[in-house]
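> What would the 3D arrangement of this be:
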Amino acid sequence: MFPSMPQDDPWDAETSQKVARMNPGRPKPGFYGAVPEEEGDPPSSESDDDEFEEIEVVPVRPKLSVAIAGFAALLAIALVLGSVTSGPDARVSYAIVLFGVQLLGLLAWTMALQPPAPVPTAAVAAVTALIADYLAVSGETPELMPLLYTGAAGVVAALVGQVFKREDRQRISDTYRTTAMIVFGPVAFAILIVLTRQPIGSQAILVCCTGAGLALLVSRLTDAVFPKPRIAAQVPRGATGIVLGAMVGTLACAVLGSYLVLPFTPAKGAVLGLVAAVAAILVDLAVNFSEAGRRLAGEAPTFWLARHMQGPLGGFALTAVAAYTLVHLYLS
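As a prediction, this is how the structure comes out:
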């Protein structure tokens, strides 16, 4: 009835198909093509996996482990023989031996911990250790409190020496714990002199230092032969040596406890040996983890001599504190 209207719209079905064929990169209509991919999308997971770097496994150096084991054994022998041979009028020689050990520890800890103003801090710590030795030898009564007061005064003096330079002053709030460790570490060895002036102190030093020395010796020698399973890839220590060292130290102290006079017994000797062995091994292991952290952070490594001495020295310093605590809280 009505005449047909002309087709003015050129976009008929055939034209749409032609346009689609001319633009093959255009996403197809539908659910999966509704959201086109944007430029700069993250790469596939396969490329991400390829970017991960392998963890570097630090090799164990057998000769170095043997050398550290020998140093720990010599240190234990010196501390034990000095305590056994010291008498009422012969404690000065033991104090001289301990002061040499304190200087070694001070050198190692200062170079490893790197406090602000290292030279003044080390000088203050050396003087503090010398005063602590003098008080331990010449005090009227063998007490621990004078050593604690001396160490606290040494920490304050070291912090005062760190405020003169601006770069050192800015680091005090972050490194005051480090300064306290550097000062109190050498002072801890003076506790052994105090113990020699107490009734069962020399026997406690014999048991604790024997347990700590054997634990360090056996653990390091085991690492030289069988450093497995590894504690961590970046730490050149094995769990077998850690466990075996603690067991041998405890067993040896139990045997010593059966030969010493009362109040020592095999059970009490084993307790003292276990505490001393675990304390020494944990400090030695903590030093290894600290060096691994410095290496991963890209910091300069500690001088090799200080790096390898600080583990046994720190272990025996903590052993001295443990021995005094056990004598007064467990054996008394």
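> Quick check: Glu143 is in a strand.
No: under the criterion used here (DSSP: H, G, I helix; E, B strand; the rest coil), Glu143 is coil, not part of a strand.
> give me every residue that touches the residue nearest to it when sequence neighbours are not counted.
Leaving aside its sequence neighbours, Glu143 sits nearest to Val194 (C-beta to C-beta, 6 or more residues apart in numbering; 7.1 Å). (C-beta placed from N, C-alpha, C; glycine too.) Each residue near Val194 by C-beta atoms under 8 Å, 6 or more residues apart in numbering is listed here: Ala136, Pro142, Glu143, Leu144, Leu147, Gly201, Tyr324.
> In the residues you listed, which residue is surrounded by the most others?
Top of the contacts of Val194 by neighbour number is Ala136, holding 28 neighbours under the definition other C-beta atoms under 10 Å.
> Please look at it and Phe189 and confirm they touch.
No: Ala136 sits out of contact with Phe189 when judged by C-beta atoms under 8 Å, with a separation of 9.5 Å.
> Within the helices and strands, which one has the residue nearest to Glu143?
Taking DSSP states H and E as the definition, Val194 sits inside helix 172-196.
> Report all helices and strands that the helix or strand just after that helix contacts.
For helix 172-196, the following helix or strand on the C-terminal side (DSSP H and E) is helix 201-225. In terms of contacts (3 or more C-beta pairs under 8 Å, 6 or more residues apart in numbering; DSSP states H and E), helix 201-225 is packed against helix 62-85, helix 172-196, strand 235-238, helix 239-259, helix 266-296, helix 304-326.
> next structured bit after helix 201-225?
Moving toward the C-terminus from helix 201-225, the next helix or strand (DSSP H and E) is strand 230-232.
> got the CA coordinates for stretch 166-179 in CSV?
What follows is the C-alpha trace of stretch 166-179 in CSV, where atoms were taken according to Å, rounded to 0.1, in the frame of the first residue of the first chain:
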residue,chain,number,x,y,z
ARG,A,166,77.5,15.0,65.3
GLU,A,167,77.6,11.8,63.3
ASP,A,168,78.2,9.7,66.4
ARG,A,169,75.6,11.6,68.4
GLN,A,170,72.9,10.7,65.8
ARG,A,171,73.6,7.0,66.2
ILE,A,172,73.4,6.8,70.0
SER,A,173,69.7,6.1,70.1
ASP,A,174,70.2,3.1,67.8
THR,A,175,73.4,1.7,69.2
TYR,A,176,73.2,2.2,73.0
ARG,A,177,72.5,-1.5,73.4
THR,A,178,75.6,-2.3,71.4
THR,A,179,77.7,0.0,73.7
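> in the stretch 151-300 of the chain, what spans have low per-residue confidence?
Along the stretch 151-300 of the chain, segments meeting pLDDT under 70 span 168, 300.
> can you pull the buried residues of the host helix or strand of Ala123?
Assigned by DSSP H and E, Ala123 belongs to helix 118-138. Buried residues in helix 118-138, counting neighbours by 16 or more other C-beta atoms under 10 Å, are found at 120-122, 124-126, 128-137.
> what's the closest of these to Gly87?
Out of those, the one with the shortest distance to Gly87 is Val137. That distance is 12.1 Å, counting by C-beta to C-beta.
> pLDDT at the closest one, what is it?
Note on Val137: pLDDT of 92.
> Kindly report the same for the one 5 residues further on.
pLDDT for Pro142: 84.
> got it, and Met22?
Reading off the confidence values, Met22 has pLDDT 54.
> quick revisit: show me how far the helix holding Ala123 is from its chain's centre.
Offset of helix 118-138 from its chain centre (C-alpha atoms, centre = their mean, to the nearest Å): 24 Å.
> just stretch 159-169 next, same as before
On the basis of C-alpha atoms, centre = their mean, the separation between the geometric centre of stretch 159-169 and that of its chain is 26 Å.
> Leu103 versus the residue nearest to Glu143, what's the distance?
Distance of Val194 to Leu103, computed by C-beta to C-beta, to the nearest Å: 20 Å.
> same thing with Leu326?
Here the criterion is C-beta to C-beta. By it, Leu326 lies 27 Å from Leu103.
> could you list every residue that touches the most centrally placed residue in the chain?
For the chain, Ala286 is the residue whose C-alpha lies nearest the centre (C-alpha atoms, centre = their mean; 2.1 Å). Applying C-beta under 8 Å, 6+ apart to Ala286 gives the contacts Gly314.
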